[in-house]
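In: Below are the sequence and a predicted model for it; my questions follow.
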Amino acid sequence: MLSNRRFHLNRFFEEHALKAMLFTDLRNIRFLCGFTGTEGALLISPDNAWFLCDSRYTAQAAEEVQGVEIRECGAVRIETIAALTDEFGLDRIGFEAAHTTVTSFRRLSEKLNGIELIEVGATLDEIRIRKDHAETELLSEVATLSSRSLTAVLAEIKPGVREIDIALALELEMRRRGADAKAFDFIVASGERGAMPHGVASKKIIQAGELVTIDFGALKNGYHSDETVTIACGKPGLRAEEIHSIVKAAHDLAITAVRPGISCKDLDEVARGYIREKGYGDNFGHGLGHGLGLEIHEMPTLSPRSTAVLDEGMVITIEPGIYIPGFGGVRIEDTVVVTANGCDVITTADKQLLVL
Ligand code: ZN
Ligand code: ZN
């Protein structure tokens, strides 16, 4: 039951002495009540919950939402919120500070006259940091779909093909296999472009002997997948092989170290320390990974500055890389679910150096 997820809110009710919390971020709304539409608000008190939408979404909400009362609003949603706060004496309401614009905050303050509006900061996103069984199932399903799509289009990666053609073929394959959309603009970075960690697919033509980094993911039922392979289009040079083997070893070491209780900072250092030892410390500029779920980047963050500690049920990426300006780069990324003793890797494309 989705309403079980509301226990996550108890700490915020207590910490800020709130009578209710107001949600407008669609990911949080989906997580807490199941609504998948693109407009709505959710008001939750310790004893009640109301989903507020306009007439376009009433039928959809009736099908989707669980454990909340649906209130259809007129043109001005805040008036319905104001009526509820009056009726139930909700005079101190928390709102999502990280997802509220200054304009909407001003409007709320004007219309909810006499009600204290309390900022609940980015820690609110911690309600989604540990995935429950239903979520890990959805994440595994989309990860499998995405990995298989890559395997199906590998034959199309060859000299003379543009990066953008690979991105398009991969997206089409994912859609054929049931993805709702791509999870983000795929990175297809070949040759020297591989030195750009976020080199979105361009019109560059892939040349024989180049490494090609492909960072890709699908979106299905609201959940994202994220995976990266670096493959060789024809026989690579010795330096390319060396860099690939260092990144692969760093990736494997980090995955072996994943377990509940390890700090995200220490986990980052497992891979970073290895890459540094091999002489490429200055060529790994980004963090080791990130959480993912209803968003492509969620908590926790894995970096030298992280303060989070891993726990069972978290779903994170492990994605070390080496980037050398003027030469190219390698990144290898898998998504893993933290289990009681270690982790399950849910992305399945081959991470050895494939030579196509
Ligand atoms: Zn990625
Ligand atoms: Zn990633």
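Out: That came in fine, so what should we check first? Ligands and ions are numbered 1, 2, ... in the order given.
In: list the contacts for the residue nearest the centre of the chain?
Out: For the chain, the residue sitting closest to the mean C-alpha position, by Cα atoms, centre = their mean, is Ile296 at 2.2 Å. Contact partners of Ile296, counting by Cβ atoms under 8 Å, 6 or more residues apart in numbering, are 183-184, 217, 224, 226. Placement of C-beta: from N, CA and C, glycine included.
In: distance of it from Thr335?
Out: Distance, Ile296 to Thr335, by Cβ to Cβ, to the nearest Å: 11 Å.
In: Need the residues touching each of the two.
Out: The contact lists of Ile296 and Thr335 share Asp226, where a contact means Cβ under 8 Å, 6+ apart.
In: Also within reach of ligand 1: list those from the contacts of Ile296.
Out: Contacts with ligand 1 within those, counted by Cβ under 5 Å from the ion: Asp226.
In: out of the contacts of Ile296, who's nearest ligand 1?
Out: Of all the contacts of Ile296, ligand 1 sits closest to Asp226, with 4.1 Å by Cβ to the ion.
In: Backbone dihedrals for the nearest residue to Ile262 once chain neighbours are set aside, please?
Out: Closest residue to Ile262 apart from its sequence neighbours, by Cβ to Cβ, 6 or more residues apart in numbering: Leu310 at 5.3 Å. Torsion angles at Leu310 (phi, psi; degrees, to the nearest 10) stand at phi -70, psi 150.
In: Count the residues that sit near Leu310.
Out: Leu310 has 23 neighbouring residues, counting by other Cβ atoms under 10 Å.
In: give the contact list for it.
Out: Leu310 makes contacts with 258-264, 267, 300, 316, 338, as judged by Cβ under 8 Å, 6+ apart.
In: residues near Arg239, how many?
Out: By other Cβ under 10 Å, the residues close to Arg239 number 11.
In: do the same with Phe23
Out: For Phe23, the neighbour count with other Cβ under 10 Å is 26.
In: same question, Phe13
Out: Counted with other Cβ under 10 Å, the burial measure for Phe13 works out to 18 neighbours.
In: Roughly how far does Lys248 sit from Glu319?
Out: For Lys248, the distance to Glu319 - Cβ to Cβ - is 12 Å.
In: ditto for Ile70
Out: 41 Å.
In: Of those two, which one has the most company?
Out: Glu319 (25 against 18).
In: Not counting its neighbours along the chain, what's nearest that one?
Out: Counting by Cβ to Cβ, 6+ apart, Glu333 is the residue found nearest to Glu319 once chain neighbours are left out, at 3.5 Å.
In: For that neighbour, list the residues it contacts.
Out: Each residue near Glu333 by Cβ under 8 Å, 6+ apart is listed here: 215, 226-228, 251, 289, 317-319, 347.
In: Show me the helices in the stretch 101-250 of the chain, by range?
Out: Here the stretch 101-250 of the chain has its helices, by DSSP state H, counting those that start in this stretch, at 102-111, 133-153, 163-176, 238-257.
In: mean pLDDT lowest for which of those helices?
Out: Sorting the helices of the stretch 101-250 of the chain by mean pLDDT places helix 102-111 lowest, at a mean of 92.
In: how distant is that helix from the center of its chain?
Out: Counting by Cα atoms, centre = their mean, to the nearest Å, helix 102-111 is centred 29 Å from the centre of its parent chain.
In: one step back: what about the residue nearest to the centre of the chain, distance to ligand 2?
Out: Ile296 sits 7 Å away from ligand 2, going by Cβ to the ion, to the nearest Å.
In: again, but for Val188
Out: Using Cβ to the ion, Val188 is found at 15 Å from ligand 2.
In: That residue pairs with what?
Out: Assessed by DSSP bridges, Val188 has beta-bridge partners Ile214.
In: Flag every residue of the protein that's near ligand 2.
Out: So the chain meets ligand 2 at 226, 317 (Cβ under 5 Å from the ion).
In: and the chain, what are its domains?
Out: Split into domains by automatic domain parsing, the chain comes to 2-128, 133-345.
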